[in-house]
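sequence first, predicted model second:
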Amino acid sequence: MSFKIPYGKQFISDDDTKAVIEALHSDFLTQGPRIAEFEKNFAAYIGCKYAVAVSNGTAALHLPLLAIDLKQGDNVITTPITFAASANAARYCGANVYFVDIDPDTYVMSVEALKILLEKHPKGFFKAVVPVDFTGFPVDLEKIRKLADEYGLFILEDACHSPGGYFTDSKGKKQMCGNGNYANAAAFSFHPVKHIASGEGGMITTNDETLYKKILKLRTHGITKENLQYDFPDPSQQGAWYYEMQDLGYNYRITDIQAALGNSQLKRADSGIARRQEIAKKYREAFKGAPIKIQKENKDAFNAYHLFVVEVENRKGLYEFLIQNGIFAQIHYVPVHLMPYYKQFGWKPGDFPNSEKYYKHCISLPMYPTLSNEEQNYVIEKVLKFVND
């Protein structure tokens, strides 16, 4: 039997299709009631006060930084092992991007490395930090919050990989990724290979009402009908149509069609997470004793498993062998600091040894809820054949 197995894949159910068709037949295709419904339901799922649906995960990273008036000359910290958008969002505001290395076992931002970087600069030098819940493994935001309070940092959690993930804080409380109890805001993505798919789309979550209202305005060109200034002559002649552009915002709106799909997918988010856990457990058990390094488990962290990453000695060889056998693994990610765009700012090979070593060996194996047991067994068989030969 021949296989064609991708590293990630969306699943569109009959209920999803029905929800989209209903949206298409409604009075609203763009800005309609399904968006507010999706925001309300997602906030309840994550456990935060406010949620703002946007056009994609990159917009979800950009708007919170824009909302805190990040500007040219400001400095932001993130990790090299992430998609470029985690860093690009700061550059869109004109800010400088600094990187800190990953923990070599969990692959997320090293809190120790972050502390060292902060200690090398005066308080106030850095304005924000963007830790990434890479693969779905939750960053310990309680520890980062302590540093943020000491150094005056805004925390934007990049939770694009981790809806449904959580960590347990020092008080024994479960902290869902994006719930806003430690981070000021969080960004999620609804790209097709993510846990919740809406074609394209994203969500910003926060518990800060002031930040929430500013993000709402910036999502729609900076236009509002609230707190009007009536700079145009004769405000008494203005009717219900009147609006003002008070800031330079963006068209980062999601559509009612996308919200309908996202809301339908959200209803089965827990079952998707449960299946990802089963797949991860099976991989871990199958690779015991093999020359394969697997991302560390942590009793205080619940990995949402957007990705299942392993490290092997001959990564390129395994990648090509899997493709030859119909398994389309992927590499996440080329270190951002070594991208040509970021190298112009002085970043170079050797700056972040853990990240660079990880990149030389990492490969993401198929991980998605509809991956069948037969397909996974085939993947395991081929990986073990290659690394043991």
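Arrived safely, thanks for sending.

which residues does the residue minimising distance to the centre of the chain contact?
The C-alpha lying nearest the average C-alpha coordinate of the chain belongs to residue 160 (Cα atoms, centre = their mean; 1.6 Å). If a contact means Cβ atoms under 8 Å, 6 or more residues apart in numbering, then residue 160 has 57, 60, 83, 132, 133, 187, 188, 189, 191, 194, 202, 306 as its contacts. Bear in mind the C-beta positions are built from the backbone N, C-alpha and C, glycine included.

of these, closest to residue 213?
residue 60 (16.5 Å; Cβ to Cβ).

now the strands for the stretch 151-300 of the chain?
Ranges of strands within the stretch 151-300 of the chain are 154-158, 166-168, 174-176, 185-189, 202-206, 223-224, 244-245, 293-294, based on DSSP state E, counting those that start in this stretch.

can you say which of these is packed in most?
Highest mean neighbour count among the strands of the stretch 151-300 of the chain (mean count of other Cβ atoms under 10 Å): strand 185-189, with a mean of 30.

average pLDDT for that strand?
Throughout strand 185-189, pLDDT has a mean value of 98.

now do stretch 260-271
98.

what residues does it touch?
Contacts to stretch 260-271, defined as Cβ under 8 Å, 6+ apart, come from residues 12-13, 15-16, 18-20, 22-23, 34, 37-38, 41-42, 45, 53, 163-164, 190, 195-199, 201, 254, 369.

also stretch 12-30?
32, 34, 197, 253, 255-257, 259-261, 263-265, 267-268.

now these: which count as buried?
Burial by neighbour count, 16 or more other Cβ atoms under 10 Å: within these this picks out 32, 34, 197, 253, 255-257, 259-261, 263-265, 268.

among those, which pair sits farthest apart?
Pairwise across those, and taking Cβ to Cβ, the largest span is found between 253 and 268, at 25.4 Å.

residue 73: which of the strands of the stretch 151-300 of the chain is closest?
Nearest of these (Cβ to Cβ): strand 154-158, 15.6 Å.

any residues touching that closest one, and which ones?
Residues contacting strand 154-158 (Cβ under 8 Å, 6+ apart): 61, 64-65, 68, 78, 82, 86, 89, 127-133, 139, 141, 144-145, 148, 177-178, 182-187.

so where do the helices sit in this structure?
For the chain, helices defined by DSSP state H occupy the ranges 14-24, 33-46, 57-67, 85-92, 111-119, 141-151, 209-219, 256-266, 269-286, 315-324, 340-343, 353-361, 373-388.

report the buried residues of the second one.
If I follow you right, that is helix 33-46. Here helix 33-46 shows 34, 35, 37, 38, 39, 41, 42, 43, 45, 46 as buried, counting by 16+ other Cβ under 10 Å.

got the domain boundaries for this protein?
10-266, 269-388 (automatic domain parsing).

what about the longest one, how long is it end to end?
Across domain 10-266, the straight-line distance between its terminal residues is 13 Å, by Cα to Cα, to the nearest Å.

point out where this protein drops to low pLDDT.
1 (pLDDT under 70).

how about a cut-off of 50?
For the chain, applying pLDDT under 50 flags no range at all.

what's near enough to touch residue 162?
133, 136, 137, 138, 177, 178, 304, 306.

follow-up on the earlier one: which ChimeraX command selects the buried ones in the contacts of stretch 260-271?
The buried residues among the contacts of stretch 260-271 can be selected in ChimeraX (16+ other Cβ under 10 Å) with this line:
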select :16,19,20,23,34,37,38,41,42,45,53,163,164,190,195,196,197,198,199,201,254,369
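
JSON lines for the strands of the stretch 151-300 of the chain, including distance to residue 95?
Formatted as JSON lines, the strands of the stretch 151-300 of the chain follow (distance: least, Cβ to Cβ, whole Å):
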{"stretch": "strand 154-158", "distance to residue 95": "11"}
{"stretch": "strand 166-168", "distance to residue 95": "27"}
{"stretch": "strand 174-176", "distance to residue 95": "27"}
{"stretch": "strand 185-189", "distance to residue 95": "16"}
{"stretch": "strand 202-206", "distance to residue 95": "18"}
{"stretch": "strand 223-224", "distance to residue 95": "25"}
{"stretch": "strand 244-245", "distance to residue 95": "24"}
{"stretch": "strand 293-294", "distance to residue 95": "34"}
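
for these, which one sits closest to residue 340?
So among those, strand 154-158 is nearest, using Cβ to Cβ, at 22.2 Å.

chain center to the closest one: distance?
11 Å (Cα atoms, centre = their mean, to the nearest Å).

now do stretch 169-181
17 Å.

number of nearby residues for the residue nearest to residue 310 when sequence neighbours are not counted?
On the basis of Cβ to Cβ, 6 or more residues apart in numbering, the spatially nearest residue to residue 310 that is not a chain neighbour turns out to be residue 292, at 5.1 Å. Counted with other Cβ atoms under 10 Å, the burial measure for residue 292 works out to 21 neighbours.

contacts only, for residue 292.
Neighbours of residue 292 in contact, by Cβ under 8 Å, 6+ apart: 310, 311, 312, 383, 387.

out of the contacts of stretch 12-30, the closest to residue 328 would be?
Nearest member of the contacts of stretch 12-30 to residue 328, counting by Cβ to Cβ, is residue 197, at 18.1 Å.

okay, now the spatially closest residue to the closest one that is not a sequence neighbour: neighbour count?
Of all residues not flanking residue 197 in the chain, residue 10 sits nearest, at 4.3 Å (Cβ to Cβ, 6+ apart). If you count neighbours by other Cβ under 10 Å, residue 10 ends up with 20.

who's in contact with stretch 61-73?
52, 54, 76, 85-86, 88-90, 92-96, 127-128, 130, 154, 156, 158, 184-185, 187, 204, 206, 211, 214-215, 218-219, 249-250, 252.

how about it: buried residues?
61, 62, 63, 64, 65, 66, 67, 68, 70.
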